[in-house]
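**Q** Can you look at this prediction? I've put the sequence above it.
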2 protein chains.
Amino acid sequence: MDNDTILIDGLEYVNWNRDLLEKAHAGGLTAIHATLVYWEDTKESFEKIDHWDNLIQSNSDILVHVKKSSDIMEAKKSNKIGIIYGFQNSAPIANDIFLVEQFFNKGLRFMQLTYNNQTPLAGGCYEKNDSGISRFGEQVIEEMNRLGMIVDLSHAGRQTCLDAINFSKKPVTISHANPNFFHQSIRNIDDEVFKKLSNKDGFIGLNIYPYHLKNHGDCLNRHL
Amino acid sequence: MDNDTILIDGLEYVNWNRDLLEKAHAGGLTAIHATLVYWEDTKESFEKIDHWDNLIQSNSDILVHVKKSSDIMEAKKSNKIGIIYGFQNSAPIANDIFLVEQFFNKGLRFMQLTYNNQTPLAGGCYEKNDSGISRFGEQVIEEMNRLGMIVDLSHAGRQTCLDAINFSKKPVTISHANPNFFHQSIRNIDDEVFKKLSNKDGFIGLNIYPYHLKNHGDCLNRHL
């Protein structure tokens, strides 16, 4: 890898320790989009942010919390891994739109609207009926757009993806999924969603999770 | 009113004080289904229960907390108003099914699945797309059935009403709404829902809220 290469791990959930962090650093990662929470409630989510703040602080020779694109370039220059905070669910904000800004101010930069199941904002990919984006969901997307927090549609239902791509004034992402034309799975994405995402300058992170690559018998029941 | 008459106020939300409670008592009410919360979160909802426990305690000459049908008959005999605890939303349980039993153990006996807007359980009557009952919603209805907590479909969307009537193993209620054939309103109920509700031994509480009785110009924007 040459010195200019930027290598970002688009989503990671790991029980980190110093050894693993050193391996990631030696492997040349520039930044990691780290999953802080899935189902945690508001209080637990603020606690997870404290935990990550402490993890970065106690490994500050190789880690730095990044909050904007230029921070990633700075992380590269200083030979550290930039950590991007993300939530894989909207459970932390419950019904309180003001929490979006409170979490943003703590450094949160990605939030999924759903994690498989329905939320007050949107429909999950495992629901029988996907509601699409709800009234509250539209308001939260507006708030995320205003602040500069990225809407992540991984684990959302198809209609929710289409609604959010259409409604958001800023590009959205599907941080971890694969195309259905490559491997059919409830968590993977069909062509229409891909095309609309790309037409709005969105991006997708491809996924090496085995159940999104290949049939393993019960793959449709695997949720990650 | 003769001595055997039972008179239950099917839903009430009032800033109660001693004077109002005495008037309700003098008016001959046997029981009141009291709204404890709308949008409150878990912690705030437990606090509201504490508040109501205190209110009943400090007016125990005329109030008693009722938790089963026979308690209402006992309240009548002892010349007190029986107070039935209800939530007009499922926000208090958030995503935690174990909270249903915790609230039940505190005396909660009615819970709405939604209050106009989408929740993790169901679709609200003001949503553009009503999801019906979600995966989590079905589990919560099973839990409410098991415990003996009444599913209240007021403020739910039409599909959510039909799904819940069909899915619940015990009768459900629409505690406060009127028929659409009488007055058309987003909060009122159409014939099909009424018929299915009655076929499953459900009940409806009619409503004297003005915007559910008659057009007042902007009635469709009134949410109560």
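**A** Noted; the coordinates are in hand. Numbers count the residues shown, from 1 in each chain, chains lettered A, B, ... in the order given.

**Q** Where do the domain boundaries of chain A fall?
**A** Here the domain parsing of chain A from automatic domain parsing is A:1-84, A:88-224.

**Q** just so I have it, where are all the helices in chain A?
**A** Secondary structure of chain A by DSSP state H: the helices cover A:18-26, A:42-58, A:69-77, A:98-105, A:135-147, A:158-167, A:191-199.

**Q** Nearest to residue B:101, out of the ones you listed?
**A** Closest to residue B:101 of the helices of chain A, according to CB to CB: helix A:42-58, at 20.4 Å. (Each C-beta comes from the backbone N, C-alpha and C, glycine too.)

**Q** And that closest one, what does it pack against?
**A** Packing partners of helix A:42-58 (3 or more CB pairs under 8 Å, 6 or more residues apart in numbering or on different chains; DSSP states H and E): strand A:31-37, strand A:63-65, strand A:81-87, helix A:98-105.

**Q** re the thing from before, ranking the helices of chain A by burial, who's on top?
**A** Mean neighbours per residue, mean count of other CB atoms under 10 Å in any protein chain shown, is largest over the helices of chain A for helix A:158-167, with a mean of 21.

**Q** Show me what that helix is packed against.
**A** Applying 3+ CB pairs under 8 Å, 6+ apart, one finds that helix A:158-167 contacts helix A:135-147, helix A:191-199.

**Q** Let's see that with 6 Å instead.
**A** helix A:191-199 (3 or more CB pairs under 6 Å, 6 or more residues apart in numbering or on different chains; DSSP states H and E).

**Q** Residue A:35: what's it in contact with?
**A** A:13, A:86, A:88 (CB atoms under 6 Å, 6 or more residues apart in numbering or on different chains).

**Q** out of the residues you listed, which are buried?
**A** Among these, those buried by neighbour count (16 or more other CB atoms under 10 Å in any protein chain shown) are A:86, A:88.

**Q** Read off the pLDDT value for residue A:210.
**A** Here the pLDDT value assigned to residue A:210 is 83.

**Q** For residue B:208, see how far away it is.
**A** Separation of residue A:210 from residue B:208 (CB to CB, to the nearest Å): 60 Å.

**Q** Just want to know which of those two has more residues nearby.
**A** residue A:210 (12 against 8; other CB atoms under 10 Å in any protein chain shown).

**Q** interface residues of chain A facing chain B?
**A** A:91, A:95, A:117-120, A:127, A:129, A:131-132, A:134-136 (CB under 6 Å from any CB of the partner chain).

**Q** hmm, back to that, could you dump the helices and strands packed on helix A:42-58 into CSV and include mean pLDDT?
**A** CSV is the format used below for these (pLDDT from 0 to 100):
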stretch, mean pLDDT
strand A:31-37, 98
strand A:63-65, 98
strand A:81-87, 98
helix A:98-105, 98
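
**Q** and of those, who's closest to residue B:145?
**A** Minimum separation from residue B:145 across the helices and strands packed on helix A:42-58 (CB to CB) falls at strand A:31-37, 30.9 Å.

**Q** Including pLDDT, could the residues of chain A next to chain B go into a markdown table?
**A** Formatted as a markdown table, those follow (pLDDT from 0 to 100):
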| residue | pLDDT |
| --- | --- |
| A:91 | 97 |
| A:95 | 94 |
| A:117 | 97 |
| A:118 | 98 |
| A:119 | 98 |
| A:120 | 98 |
| A:127 | 97 |
| A:129 | 97 |
| A:131 | 98 |
| A:132 | 98 |
| A:134 | 98 |
| A:135 | 98 |
| A:136 | 98 |
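
**Q** For residue A:30, list the residues it contacts.
**A** A:6-8, A:76.

**Q** and if you look at residue A:145?
**A** A:169-170.

**Q** Then residue A:107?
**A** A:65, A:67, A:85.

**Q** Buried members of these into ChimeraX, please.
**A** Restricted to buried positions by 16+ other CB under 10 Å, the ChimeraX selection for the contacts of residue A:107 reads:
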select /A:65,67,85
